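1. What follows is a predicted protein model with its sequence.
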Amino acid sequence: MSPADSAAPLNLSRSNLSHLDVLREAADLGLRVLAAGRWPESAADVAPPVLPGFTGSSFSPLAAEAAGRCLDAYGPGPGAQLPVTAVVVASALGDVAGAVRVAEAVDGGGRLGPLLFFQAVPNAVAGHLAARRGLTGPVVCVGGARSGFEVAEVLLADGDAELALLVLVEQAAGPGGADRAAAVLLAPQEHCPTHRQLEGARP
């Protein structure tokens, strides 16, 4: 990839985390998108489902819900065994709501519960996904969509994983903002999947 390509911004700022942008970025790196999922998908997605073990922030529930929808679109349910699959979580700002909650507690002299310590880093939800869905590849967290795609490309090219689940998460960072997440299951171009392709996944 040329320096100019690397510097080009990846437009994932809209509330639906544009599939066209994701497809274009994957193609630029020689990757195939096997399935995709996002939150929100419809007006019914008012708040992400509660994620046991995580509290006080939508970051981890957003990541888990988008990833779950992506994996469900690819194949049969949580009990299905995937090839060696890496989990890459990418977020430009990280867990904004969690950081605010911790800062407020510290400023006010309050005590922080152990769950907040556990989920203070984004790889907590990445590990959760890997354990619950039987994903046995590397777990990596990076600061942005572009970096996420590039890390996924490296993991696949080096043979560290056969597939890569890339989860992009951004929380509302100000008035009028919206929480959003998208997940894509990536493979090298030569990979021949046996399950449903992106064209058959949710629109």
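-> Received, thanks.
2. now the strands for this protein?
-> In the chain, strands defined by DSSP state E lie at 31-39, 85-90, 139-142, 163-170, 180-188, listed in chain order.
3. could I get those as JSON lines with mean pLDDT and mean neighbour count?
-> C-beta: built from backbone N, CA, C; applies to glycine. Rendered in JSON lines, the data for the strands of the chain read as follows (pLDDT from 0 to 100; neighbours: other C-beta atoms under 10 Å):
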{"stretch": "strand 31-39", "mean pLDDT": "91", "mean neighbour count": "24"}
{"stretch": "strand 85-90", "mean pLDDT": "95", "mean neighbour count": "27"}
{"stretch": "strand 139-142", "mean pLDDT": "92", "mean neighbour count": "19"}
{"stretch": "strand 163-170", "mean pLDDT": "93", "mean neighbour count": "28"}
{"stretch": "strand 180-188", "mean pLDDT": "92", "mean neighbour count": "26"}
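4. Relative to Ser60, which of the ones you listed is closest?
-> With C-beta to C-beta as the measure, strand 163-170 is the member of these nearest Ser60 (8.6 Å).
5. Which strands or helices does the closest one pack on?
-> Counting contacts by 3 or more C-beta pairs under 8 Å, 6 or more residues apart in numbering; DSSP states H and E, strand 163-170 packs against helix 59-74, strand 85-90, helix 123-133, helix 145-157, strand 180-188.
6. re the thing from before, in CSV: the strands of the chain, plus distance to Ala124.
-> Conversion of these to CSV gives the following (distance: least, C-beta to C-beta, whole Å):
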stretch, distance to Ala124
strand 31-39, 18
strand 85-90, 10
strand 139-142, 9
strand 163-170, 12
strand 180-188, 15
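7. Thr55: which of these is closest?
-> Taking C-beta to C-beta as the measure, the strands of the chain were each checked against Thr55, and strand 163-170 came out nearest at 16.6 Å.
8. Direction included, what does the closest one pair up with?
-> As defined by DSSP bridges, the strand partners of strand 163-170 come to strand 85-90 (parallel), strand 180-188 (antiparallel).
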